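Novice: Need coordinates for the following:
(one chain, ligands or ions: 2)
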Amino acid sequence: MVNDVIFGFGCMRLPQTDENDPTSVDQETFNKMVDYYMENGFNYFDTSYAYHNGYSEIAIKKAVVDRYPRESYQIADKMPTWLLTKEEDNEKFVNEMLERLGIDYFDKFFIHNINAAWLPKAENANSFEYIKNMKKEGIAREIGFSFHDDSKLLKQFLEEYGDIFDFAQLELNYLDWEDPIIEARKCYELCGQYGLDVYVMEPLKGGVIINTTDEIKDDFKKFNPNESIASFALRFCASLDNVKVVLSGMSNMENTIENCDTFKNFKKLNDDEFEFLAIEAEKLRLSVAIPCSGCNYCVEHCPEEIPIPDFFNIYNTKKQQEDSDIYTAYYHKLANEKVPASNCTYCQTCIDYCTQKINIPDELKNVDEIFKEGFNPYSR
Ligand code: SF4
Ligand code: SF4
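Specialist: Ligands and ions are numbered 1, 2, ... in the order given. I've put the predicted structure just below:
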């Protein structure tokens, strides 16, 4: 910890040797990123049972656990709430996670992704009692939950279970701060009222904040030519009084160096900077057609294996760029190599998994309609 806020290494988007295979973590590059991050005074690794289909935990074992003394780092891991079917599942998953990581306790342990669809699964499996006991027995030093739903559900949840937790992990960034669906500000304030520290995930909203329009990029350059948009976004989160951890899901050495630099030289945002980000958030909101964070949860559960976030990303980029024919070609390339958006059967399986509450089948239909008439270099 270099300042009061811990800068955490989010391990859900690690470098891969094959971009189509989430299990193909590029261990050599990841090891170098870990070494740089640790050398610069940081030591917090956030993972889950699900990231990289379990290979995030395995990669952390190789890069961190096997190469550094146990007391020199912290590991945060998460129970796969959506897979819980009975009480015994808690122990089964926890043992599997400890084994993949090669450790005998977690520094932090979460119930992963509380939302309206999955809260009953955790309740039916008695998971809250289970993780309370994990803390009592020292298997988890501190416990919390990550949350993806609105402030109404969060309030109900905190009334029922708030006293057992040490912290809450929220999606929080300057774009979602006043968003009527994510309600980041309201959720942040509620955690404060219930005495919980806030840990931040998605400070860049999976890249949506930085992959933006030329106009927004120019605004940032004019405002401060020496600071990146990513740095502003991280500083926004770390400047909030009740925030104790800010995660960044780093995928390459460049991100790692830049983010370490932001936190090593951390300065709280001043009033002018807060005001500037509020204006840019509004512009960004208007420019993003589909607010997908690229978390990939939907893809893992789509029976048709549709590359949903990739289609949404192409669609968003097309909407943001004036010269956008190239994105029609990208769309057809992706549909040709993988599965077209039109293969969606409206089974609705993905909807419960979407952290951004996007109506995925409806949006896929829109995407398909927009692109199907355009230039298709793969048609004959
Ligand atoms: S509704 Fe469409 S995108 Fe969603 S899981 Fe079903 S087939 Fe896949
Ligand atoms: S559509 Fe939803 S679940 Fe799928 S990647 Fe985007 S935000 Fe995540």
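
Novice: what's the spacing between Asp261 and Arg235?
Specialist: Separation of Asp261 from Arg235 (CB to CB, to the nearest Å): 12 Å. No exception for glycine: its C-beta is placed from N, CA and C like everyone else's.

Novice: With neighbour numbers in mind, choose between those two.
Specialist: Counted by other CB atoms under 10 Å, Asp261 and Arg235 do not tie: Arg235 has more neighbours, with 22 against 13.

Novice: okay, the closest residue to that one other than its chain neighbours: pLDDT?
Specialist: Take Arg235 and drop its neighbours on the chain: the residue closest to it by CB to CB, 6 or more residues apart in numbering is Leu269, 5.4 Å away. Turning to Leu269, the model gives it a pLDDT of 97.

Novice: what does Gly374 give?
Specialist: Looking at Gly374, the pLDDT reads 62.

Novice: just the one 5 residues further on next, same as before
Specialist: In this prediction, Ser379 carries a pLDDT score of 52.

Novice: Ok, Cys344 next?
Specialist: 97.

Novice: what's it in contact with, if anything?
Specialist: Counting by CB atoms under 8 Å, 6 or more residues apart in numbering, Cys344 makes contact with Glu304, Ile306, Ile360, Pro361, Leu364, Lys365.

Novice: Could you identify the most distant pair in those?
Specialist: Spatially, the most separated pair among the contacts of Cys344 is Glu304 and Lys365, at 13.6 Å (CB to CB).

Novice: pLDDT at the spatially most central residue of the chain, what is it?
Specialist: Against the mean C-alpha coordinate of the chain, by CA atoms, centre = their mean, the closest residue is Glu202 at 4.4 Å. According to the prediction, Glu202 has pLDDT 91.

Novice: mind checking how far it is from Gly294?
Specialist: In terms of CB to CB, Glu202 sits 10 Å off from Gly294.

Novice: Please apply the same query to Pro340.
Specialist: Pro340 is 19 Å from Gly294, by CB to CB.

Novice: all strands for the protein, in order.
Specialist: For the chain, the strands defined by DSSP state E occupy 6-10, 44-46, 74-79, 106-114, 140-147, 167-171, 197-201, 243-249.

Novice: Minimum distance to Tyr36: which of those strands has it?
Specialist: strand 6-10 (10.4 Å).

Novice: Going by contacts, tell me the helices and strands next to that closest one.
Specialist: Packed against strand 6-10 by the contact rule (3 or more CB pairs under 8 Å, 6 or more residues apart in numbering; DSSP states H and E) you find helix 27-39, strand 44-46, strand 243-249, helix 253-264.

Novice: Any chance of TSV for those, columns distance to ligand 2 and mean pLDDT?
Specialist: Output for the helices and strands packed on strand 6-10, formatted as TSV (distance: least, CB to the nearest ligand atom, whole Å; pLDDT from 0 to 100):
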stretch	distance to ligand 2	mean pLDDT
helix 27-39	22	98
strand 44-46	17	98
strand 243-249	13	96
helix 253-264	19	96
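
Novice: mind giving me JSON lines with those and columns for distance to Thr317?
Specialist: Shown next, in JSON lines, are the helices and strands packed on strand 6-10 (distance: least, CB to CB, whole Å):
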{"stretch": "helix 27-39", "distance to Thr317": "26"}
{"stretch": "strand 44-46", "distance to Thr317": "28"}
{"stretch": "strand 243-249", "distance to Thr317": "20"}
{"stretch": "helix 253-264", "distance to Thr317": "20"}
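
Novice: Now the top helix by length along the chain: buried residues?
Specialist: The longest helix of the chain (DSSP state H) is helix 271-287. Of the residues in helix 271-287, Glu273, Phe276, Leu277, Glu280, Ala281, Leu284 count as buried by neighbour count, 16 or more other CB atoms under 10 Å.

Novice: cool, stretch 309-329 as well?
Specialist: By neighbour count on 16+ other CB under 10 Å, the buried set for stretch 309-329 is 309-318, 320, 327-329.

Novice: can you check stretch 260-269 too?
Specialist: For stretch 260-269, by 16+ other CB under 10 Å, it's Cys260, Thr262, Phe263, Phe266, Leu269.

Novice: any idea which of the residues you listed is the one closest to ligand 1?
Specialist: Thr262 (36.0 Å; CB to the nearest ligand atom).

Novice: The closest one contacts Phe236, doesn't it?
Specialist: No. Using CB atoms under 8 Å, Thr262 makes no contact with Phe236, being 11.1 Å away.
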